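**Q** my questions are about this predicted structure, shown below with the sequence.
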Amino acid sequence: MGLLFGLCPVFFCHVAAQAAEFTGEAKVLVQQDDAWSASAGKRDVDLLVSFYADDAVAYPPRDKAATGRAAIRAVWAGIADPNYSLSWKATTAGVSKAGELGFTAGTFLETTKRVDGKATTATGKFLCVWRKQADGKWKAVHDMWNYDN
């Protein structure tokens, strides 16, 4: 993880943009991330997992890293629960000079409806590294998130 953050100034920071300023491939990444968040709202695990590359790694909070789509699918299985909802929004994005790697980062909101009908919410932040595939589409390759509290 330290390596990733150490590379940020070299590869990304010169092209990172804030939410209102997304242009070019950074805008494409944010649009991809928005579609990904919308897939969570549809409770479609297969659609959600389709945003990951075959060799992707997800780093869920308080759990081991999940490598590959099958393991990542298990991480996201709970998204189908009608008492659970999750959405996120990228606030920062950037693309490497070579155009093959990019990142999105932002915040998320998670809501769980309890048995008594009351909802509990949690907020957090995420960082996702994307890689452009041979077909020109962006896929998530490293996806990490954690809670604010």
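**A** Perfect, I can see it now. Numbers count the residues shown, from 1 in each chain.

**Q** C-alpha from now on. contacts and neighbour counts both.
**A** Will do.

**Q** now the residue in the chain sticking out farthest from the centre, what's its secondary structure?
**A** Most distant from the centre of the chain: residue 116, at 30.7 Å, with distances by CA atoms, centre = their mean. Classification of residue 116 by DSSP: H, G, I helix; E, B strand; the rest coil places it in coil.

**Q** for the one 10 residues further on, same thing?
**A** Recorded secondary structure, residue 126: strand (three-state DSSP).

**Q** how about residue 36, what does it touch?
**A** Residues near residue 36 by CA atoms under 8 Å, 6 or more residues apart in numbering: 48, 51.

**Q** and it, what element?
**A** Element membership for residue 36 (DSSP states H and E) is helix 24-41.

**Q** got the buried residues for that helix?
**A** Across helix 24-41, burial judged by 16 or more other CA atoms under 10 Å covers 25-27, 29-30, 32-33, 36-41.

**Q** where along this structure do the helices fall?
**A** Using DSSP state H, the helices assigned to the chain run over residues 2-11, 24-41, 45-49, 69-76.

**Q** what helices or strands is the third one leaning on?
**A** What that stands for is helix 45-49. Other elements packing on helix 45-49 under the criterion 3 or more CA pairs under 8 Å, 6 or more residues apart in numbering; DSSP states H and E are helix 24-41, helix 69-76.

**Q** can you tell me how far residue 82 is from residue 31?
**A** 25 Å (CA to CA, to the nearest Å).

**Q** picking that back up, is it possible to export the helices of the chain to CSV including distance to residue 123 and mean pLDDT?
**A** Shown next, in CSV, are these (distance: least, CA to CA, whole Å; pLDDT from 0 to 100):
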stretch, distance to residue 123, mean pLDDT
helix 2-11, 22, 38
helix 24-41, 15, 96
helix 45-49, 20, 96
helix 69-76, 17, 97
